[in-house]
Structures are given as C-alpha cells and as structure tokens.
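**Q** Quick one: sequence plus predicted model below, questions after.
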Amino acid sequence: MVIGMATHITPFKSKRYNFKVATLQLYIDEKCLILKLSRMDEISFPSCLRCLSRRDSKFIFAGIQDEERSDYLRRKCDFEISNGLDILEAARMRWPSKFGKDTDLKVVARELADVDLEQPLHVLQSNWKTSMLCLEQVEFATMEAYASYCVVFLYMSKSFAIVALRFSFVPTIFFNMTRLLAVVALRNIVFSSYSFSIKKLASVTFNPNTCTYIVNYEGKSIETTVTDKLGVADQWAMKYWKNKGKATVVGLANEGLKTGPITSINTIGYKVSTLQLYIDEKCLILKLAHMDQYNNSNLKALFRDSMYIFAEIQDGRRNDYLWNECGFKASNSLDIVEAAKMRWPDKFRYTTVDLKVVAKEVANVHYDWPSNVLQSNWETRMLCLEQVEYATMEAFVIYCLGHKLFIGD
C-alpha cells in the first residue's frame, strides 16, 4: 500500500546546524495526517507509524527522498523509512525526456497529476512551528502529500497511459469544529488519459497484496520478489530446492557498484548491490547491500546442489565477493558467453561478444536499456519499477541462453 509523504522545513541559515522538519504529512485513502514535529519529541511520536515504516511492512512511503530530512526524522523521532520511493528520481527514470535533474515536485505534480502546488510566498515562508496552523498552511501541506501519492500511483499504474486528475477549480478547505479536523475538498474531478509513445521491451506492475512485481514479456508473466530479508529468500529457494529432482538451469545476474579502483589482484572497489536468480518464470532479487545475515540458509543449499546449473556471465570479482561476503558459491556454473563462442565460433569470431550480442544472435531477444537505468542507484532501499524490470529481464535473458545452450530448446 502506498502512503504519500511530504515535509515542510523551517527557514534556516545553515543546513548543517539548523535543519529542522516542522511538519510531516502522510496521505492515504483520502485521509491526511499532519504531524507538527516542532512540538513533538521521540516519546510523543506515534509508535504505530514506526511499525508502518519497518522493513517487513507492506507500506511504501512515496515522497522526495532527502538525506538531511531522513537523518532528522531518525534522530528526532526515531522514525526511519525502510521502504521509501523517491518520486522525483522515479519520474526522471520513467520519463527521462520529460523531466531533468532540476525537476521538482511542483513540476512533476503539474505534468503527471495536474495538481497545482503554486502557493503565495507568504504561505511558504510563514511560521510552520506555530501551535495552530492556518487554513492556507493546512491546504498546502495536504496537497503536497496528496501530490506525492498521486504521482507514485500513476507511476505504478499497469500501463504507460497516465490517468490524470483534472480539477476545474482550486481546492477548497473548511474546518470541522465537531471533529476538529480540516477538510480539503477536491471538486469536479474529471478523468482524462494521456499516452506516451515509449518503446519498451516489457511492462512491469506492482502487486501491493503480495508485495511482488509482475514483469510481462512476450506472453510471459514473470513474478519477481524483491527482498533484503533472509526468511523471504529462503522461502523462495525452498520451493525449488525441495521439489526438483532433475538438472535445472538457474539464471544468475547481478548489479555491481564500483566504489574505487579495481585491480586484477583483488576485489577492492567492487561491491555487488543486487543478486538476481531466475527459475520457471519466477525471479528473486536480493538487495545484498541491505542484508545482514546468510547463515544456514536454503539459498546456500541451492547454490551447493549439483543438480542446479547456474547460467551466468563469469566474473571473478563478483564470484569472490559472493563467496567472501555471503558464502554463495555455485557447484555447477555455465559461462553463457564462452559457451556461445565455442558452440558457434563462426558467428562470434569477428565481433565483441557481450550479453546483448549473444541474446540477439542466439535467442532473438533485443536486450537494450537506457543509461539512466544502468547508472542508477542500485543500493537504494526501494528499487523503482525500471530497476526491477531491468534486473528481472537480465536474469531471464541469461536463463534463456543457458537453457538453450545446455538443454537445447
């Protein structure tokens, strides 16, 4: 389930010493909660909200991810968001030609959800630490959280058609003295659709009930599980480790983070951020950057089982990292690039062979992705849809090639 999140900070002279979050706004199902953090402490902060933000929670907090704000919420309220989605980064990645680096929430909200966040300067620069917010402040704070919710809802829609909420006039607000709450009325909502001609290899949707993704590609529906919890990974591995009695191909891929100079002697400067496994239209994406244990896992047993052939692109640094840091080492592995070169020496003799070339020549799969996805932050807590799609398709393509090379169909 998605929660729209926004904050309002107090004016400050130095970001380092005077950064304060005055209000925290949360929006879900036409309900908005505005917490006046400037008048709260860690004890008075609602403990139930901490439960919603835990790693095992099914709630996704959508908003502008800012390190300073996150640090402040963690220090001030012991409120740490594990499942957060940066809506600006997500919008830039989904529509790179539409949104640039300087894009802010106001632009994204206007372009995607037709929500106008323009407010007079006296509202933006007003005293947000006051004990009683005025109606204009409540209206702006509510609409900001609502805009975050709308943007991520559209982002996670099942198609690339954008369903926009168009308002025939500015929202109105009134105060209910009986229930002591403010009501922001959005009247005359008209649904209209916009379609963008974006060439995609596949489409991906998120299922909030199962917390899994469905990647659709040429009639196949791949169920992808993204996790940083060992228990979830073990349940996924158990389905195959216990039920397979024959040789089985597993697609193995990863996204690596270069953190420094890489030498041929060691793996300094190389880190595996995600590890992807693909079997039988099921994909597991492990966020290794956020996992803290691997001991006695079914996943290790899956790697050790000689009945499983791990199709991969051989990378000594990656394998050393997985063994040293995670204890993962495949008993049987197949380098699909080398195997393809040996199977069809004439086909790959005069060309630089990589996964894209082998996929096109052997499996007729056109495997190409924009650089903004490839170079994105793979250590983020919450992978965006494009990252999930790319990681899934990479493991799927490797699986297809390994299956064709090893089994022959």
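**A** Happy to help now that I have it.

**Q** which residues sit against stretch 30-40?
**A** 10, 20-27, 45-46, 73, 76-77, 128-129, 131, 133, 138, 141-142, 145-146, 184 (Cβ atoms under 8 Å, 6 or more residues apart in numbering). Using the backbone N, CA and C atoms, a C-beta is placed for each residue, glycine as well.

**Q** can you do 7 Å?
**A** 20-26, 76-77, 129, 131, 138, 141-142, 145-146 (Cβ atoms under 7 Å, 6 or more residues apart in numbering).

**Q** Now, those that are in strands?
**A** Under the assignment DSSP state E, the contacts of stretch 30-40 contribute 21-26 to strands.

**Q** still on that earlier bit, please indicate which of the contacts of stretch 30-40 are buried?
**A** For those, a burial check counting by 16 or more other Cβ atoms under 10 Å picks out 21-26, 76-77, 138, 141-142, 145-146.

**Q** mind putting those residues in JSON lines, distance to residue 380 included?
**A** JSON lines is the format used below for those (distance: Cβ to Cβ, whole Å):
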{"residue": "21", "distance to residue 380": "21"}
{"residue": "22", "distance to residue 380": "26"}
{"residue": "23", "distance to residue 380": "25"}
{"residue": "24", "distance to residue 380": "21"}
{"residue": "25", "distance to residue 380": "22"}
{"residue": "26", "distance to residue 380": "21"}
{"residue": "76", "distance to residue 380": "23"}
{"residue": "77", "distance to residue 380": "22"}
{"residue": "138", "distance to residue 380": "32"}
{"residue": "141", "distance to residue 380": "26"}
{"residue": "142", "distance to residue 380": "27"}
{"residue": "145", "distance to residue 380": "21"}
{"residue": "146", "distance to residue 380": "24"}
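
**Q** So which of those is the closest to residue 322?
**A** Set against residue 322, the nearest of the buried ones among the contacts of stretch 30-40 by Cβ to Cβ is residue 77 (36.9 Å).

**Q** ok, the closest one touching residue 45?
**A** Yes. Residue 77 is within contact range of residue 45, at 4.2 Å (criterion: Cβ atoms under 7 Å).

**Q** Among the ones in strands among the contacts of stretch 30-40, pick out the one closest to residue 99, please.
**A** Using Cβ to Cβ, those come closest to residue 99 at residue 25, 22.5 Å.

**Q** Enumerate every residue touching the residue lying closest to that closest one once chain neighbours are set aside.
**A** Once flanking residues are discounted, residue 25 sits nearest to residue 145: 3.8 Å by Cβ to Cβ, 6 or more residues apart in numbering. Going by Cβ under 7 Å, 6+ apart, residue 145 touches 4-6, 25-27, 32.

**Q** Could you check how far residue 121 is from residue 140?
**A** As judged by Cβ to Cβ, to the nearest Å, residue 121 and residue 140 stand 12 Å apart.

**Q** So between the two, which is more surrounded?
**A** Using other Cβ atoms under 10 Å, the more surrounded residue of residue 121 and residue 140 is residue 140, with 24 against 7.

**Q** residues touching the more buried one, list them.
**A** Applying Cβ under 7 Å, 6+ apart, the residues contacting residue 140 are 119, 123.

**Q** Return the distance of it relative to residue 235.
**A** 44 Å.

**Q** list the contacts for residue 119?
**A** Neighbours of residue 119 in contact, by Cβ under 7 Å, 6+ apart: residue 140.

**Q** Could you give the backbone dihedrals for it?
**A** Note on residue 119: backbone dihedrals following degrees, to the nearest 10 are phi -130, psi 150.

**Q** so how far is residue 352 from it?
**A** 54 Å.

**Q** same check, this time on residue 209
**A** From residue 209 to residue 352 the distance is 44 Å (Cβ to Cβ).

**Q** what does residue 407 give?
**A** Using Cβ to Cβ, we find residue 407 at a distance of 27 Å from residue 352.

**Q** same check, this time on residue 337
**A** 11 Å.

**Q** quick one, which of the two is more surrounded?
**A** residue 337 (18 against 7).

**Q** Count the neighbours of residue 150 for me.
**A** Residue 150: 25 surrounding residues under other Cβ under 10 Å.

**Q** Ok, residue 5 next?
**A** With other Cβ under 10 Å as criterion, residue 5 counts 27.

**Q** Check it and give its pLDDT.
**A** Looking at residue 5, its pLDDT stands at 90.
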